[in-house]
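K.L.:
mind folding the following:
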Amino acid sequence: MKWIKKSYLIFIFLFGIYSTSQGQNQTALLKADSLFSQENYQLAAIEYERFLYFASDQAQMPEILYKKAQCYKQLSEFNKACKALERIRLYDVDQNRYIQIKKELSLCYYLDNQIQKAQIQISQLRHKLKNQILPKETLLVEIFILNELKKWDEAEDLAREYINTNEVGNKILALQKIDSLYSKKNLPKLKSIEKAENLSRFIPGSGQMYCGKVLEGSFTFLFNGAFLALGIQQILTKFYFTGYAAGFGVLHKTYTGNMARTKHLAIKVNHQRHTRFNESIINYLLSL
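P.N.:
So this is what the prediction gives:
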């Protein structure tokens with residue numbers, strides 16, 4: 001009888017501990033949900049992680065990790081949101097949850113500027129859906145990704161698909177607007193970085209002019225020309241050390257600096273023009 005009593009007491013003790021921990025865990029979940037509703041996303045994310053740490057029911061893991069990702073998304077910490085979503089075991093979820101997670105992953109990767117990873121998520125989702133249409137939000141993200149990759153024709157086709165498969169005010173006008181936005185005259189006129197560097201290599205300052213910095217290019221040309229003339233003049237008057245140090249020595253620094261500046265300008269101009277074009281597409285599609 002003694003061993004029966006001992007076993008019974010041990011069972012009661014362990015059950016009490018389990019019940020207490022479960023109760024505390026549910027309290028943590030309720031607290032996390034409350035913090036989320038109060039828009040206190042940082043503390044909500046901590047409480048969701050606390051729940052995950054002590055949770056014994058794996059069935060709740062996808063939902064809680066998804067909520068945690070939403071916290072970081074609201075905080076614009078997209079990399080942390082991606083990491084939370086990556087922890088979800090997709091083979092444990094149904095198709096609706098799978099679609100939801102992939103949709104969020106593609107968006108968060110895109111917002112975190114991880115374009116290739118965002119594209120992979122959309123490809124996997126397309127494979128899962130087979131012949132079905134992508135969710136509206138994911139189709140938009142794919143259009144934005146193709147714009148980032150400068151695949152204008154593919155992006156335009158998807159933009160037209162987006163208009164045709166979703167409710168918009170006037171589809172004919174919307175399609176005409178898309179044709180206009182993606183027309184050849186409206187596509188960003190990107191500068192060739194190689195051409196800009198080659199121009200500056202042979203004529204200092206011409207690369208800056210090519211990138212639209214005429215005043216800066218003119219100053220660079222005169223500045224380099226002045227040190228070249230100084231070096232030649234000093235050598236001709238047999239001041240060889242002065243000619244080399246003050247003339248050609250400084251010229252070498254300004255010449256190499258000019259090359260680096262030209263490359264930077266070409267990249268900057270391309271980025272600005274590309275960004276303006278992308279923003280015009282994004283703003284229009286989001287306004288539909």
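
K.L.:
give me the mean pLDDT for the longest helix belonging to the chain.
P.N.:
Ranked by residue count under DSSP state H, the longest helix found in the chain is helix 250-287. Mean per-residue pLDDT for helix 250-287: 85.

K.L.:
and it, what does it pack against?
P.N.:
Packing contacts for helix 250-287, counted by 3 or more CB pairs under 8 Å, 6 or more residues apart in numbering; DSSP states H and E, involve helix 136-148, helix 152-165, helix 171-181, helix 193-202, helix 206-210, helix 214-236. All C-beta atoms are positioned from the backbone trio N, CA, C, and that covers glycine.

K.L.:
from the chain's centroid, how far away is the fifth one?
P.N.:
Its chain's average C-alpha position is 31 Å from that of helix 206-210, according to CA atoms, centre = their mean, to the nearest Å.

K.L.:
same question for that helix, mean pLDDT?
P.N.:
Computed over helix 206-210, the average pLDDT equals 89.

K.L.:
by how many degrees do the longest helix of the chain and helix 152-165 diverge?
P.N.:
Comparing the axes of helix 250-287 and helix 152-165 via axes from the mean of the first three to the mean of the last three CA atoms, to 10 degrees yields an angle of 20 degrees.

K.L.:
send over stretch 174-187 as CSV, restricted to the C-alpha atoms.
P.N.:
These are the backbone C-alpha positions of stretch 174-187, laid out as CSV (Å, rounded to 0.1, in the frame of the first residue of the first chain):
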residue,chain,number,x,y,z
ALA,A,174,-6.1,51.0,-66.0
LEU,A,175,-4.6,48.9,-68.8
GLN,A,176,-3.9,52.0,-70.8
LYS,A,177,-2.1,53.5,-67.8
ILE,A,178,0.0,50.4,-67.5
ASP,A,179,0.9,50.5,-71.2
SER,A,180,1.9,54.2,-70.7
LEU,A,181,4.0,53.6,-67.6
TYR,A,182,5.9,50.7,-69.3
SER,A,183,6.2,52.5,-72.6
LYS,A,184,9.8,52.8,-74.0
LYS,A,185,9.8,56.6,-73.4
ASN,A,186,8.9,56.2,-69.7
LEU,A,187,11.4,53.4,-68.9
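
K.L.:
buried set for that stretch?
P.N.:
174, 177-178, 181-182 (16 or more other CB atoms under 10 Å).

K.L.:
could you do stretch 41-49 as well?
P.N.:
Those would be 41, 44-49, for stretch 41-49 by 16+ other CB under 10 Å.

K.L.:
of those, which belong to helices?
P.N.:
Those of these lying in helices (DSSP H): 41, 44-49.

K.L.:
between the residues you listed, which is closest to residue 217?
P.N.:
residue 41 (48.4 Å; CB to CB).

K.L.:
touching, the closest one and residue 75? I think so.
P.N.:
Yes: using CB atoms under 8 Å, residue 41 is in contact with residue 75, at 5.1 Å.

K.L.:
poorly predicted segments of the stretch 1-150 of the chain, please.
P.N.:
Residues of the stretch 1-150 of the chain that meet the criterion pLDDT under 70 lie in 1-25.

K.L.:
now the helices for it?
P.N.:
Applying DSSP state H, counting those that start in this stretch to the stretch 1-150 of the chain gives helices spanning 2-37, 41-54, 61-74, 78-86, 95-111, 115-129, 136-148.

K.L.:
sorry, back to before: and the angle from the longest helix of the chain to helix 171-181?
P.N.:
Angle, helix 250-287 to helix 171-181, by the same axes, to 10 degrees: 170 degrees.

K.L.:
distance between helix 250-287 and the chain's centre?
P.N.:
For helix 250-287, the distance to the chain centre is 18 Å (CA atoms, centre = their mean).
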